[in-house]
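A.B. asks: Quick one: sequence and predicted model below, then my questions.
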Amino acid sequence: MTDQADHAERELRYSRVRAAMAEQGLDVLLAYGPGWRRENIRYLSDARVAGSASLVLVPAVGEPVAFSTRAADLG
């Protein structure tokens, strides 16, 4: 994918998640991913994390933020 296509895909994901959040009256979504099941973290943040656990915080407005137990994942 090109950078423009990647950006469009991310924005589509965020809009779908945020629409579901709005329906439920949520201001923020916190998703957890254990080391053996990280696809939700990747879907929500586009971060390639490899730690034993990771989180992503998706605010109703603003950029999602990923957290990981592996320091190398944090750049």
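C.D. replies: Arrived safely, thanks for sending.
A.B. asks: Counting neighbours, what do you get for the nearest residue to residue 65 once chain neighbours are set aside?
C.D. replies: Nearest residue to residue 65 in three dimensions, chain neighbours excluded: residue 57, at 4.9 Å (C-beta to C-beta, 6 or more residues apart in numbering). The C-beta positions use only the backbone N, C-alpha and C, and glycine is treated the same way. When neighbours are defined as other C-beta atoms under 10 Å, residue 57 has 16 of them.
A.B. asks: How about residue 31?
C.D. replies: A count of neighbours around residue 31, defined by other C-beta under 10 Å, yields 17.
A.B. asks: now it: how far from residue 5?
C.D. replies: Distance, residue 31 to residue 5, by C-beta to C-beta, to the nearest Å: 24 Å.
A.B. asks: hey, what's the residue nearest to residue 65 bridged with?
C.D. replies: Judged by DSSP bridges, the bridge partners of residue 57 are residue 30, residue 65.
A.B. asks: Let me see the contact set for it.
C.D. replies: When the contact criterion is C-beta atoms under 8 Å, 6 or more residues apart in numbering, the partners of residue 57 are 28-30, 64-65, 67.
A.B. asks: ok now the longest helix along the chain, how far from the chain's centre?
C.D. replies: Secondary structure of the chain per DSSP state H: the longest helix is helix 3-24. Its chain's C-alpha centre and that of helix 3-24 lie 10 Å apart, by C-alpha atoms, centre = their mean, to the nearest Å.
A.B. asks: ok, and what's touching it?
C.D. replies: 1, 27-29, 43-44, 46, 58, 60, 64.
A.B. asks: could you redo the last one with a cut-off of 6 Å?
C.D. replies: By C-beta atoms under 6 Å, 6 or more residues apart in numbering, the list of residues contacting helix 3-24 from outside reads 29, 46, 58, 60.
A.B. asks: low-confidence ranges in this protein?
C.D. replies: 1-2, 75 (pLDDT under 70).
A.B. asks: which parts of the longest helix of the chain are buried?
C.D. replies: For helix 3-24, the neighbour count (16 or more other C-beta atoms under 10 Å) marks 10, 13-14, 17-18, 21 as buried.
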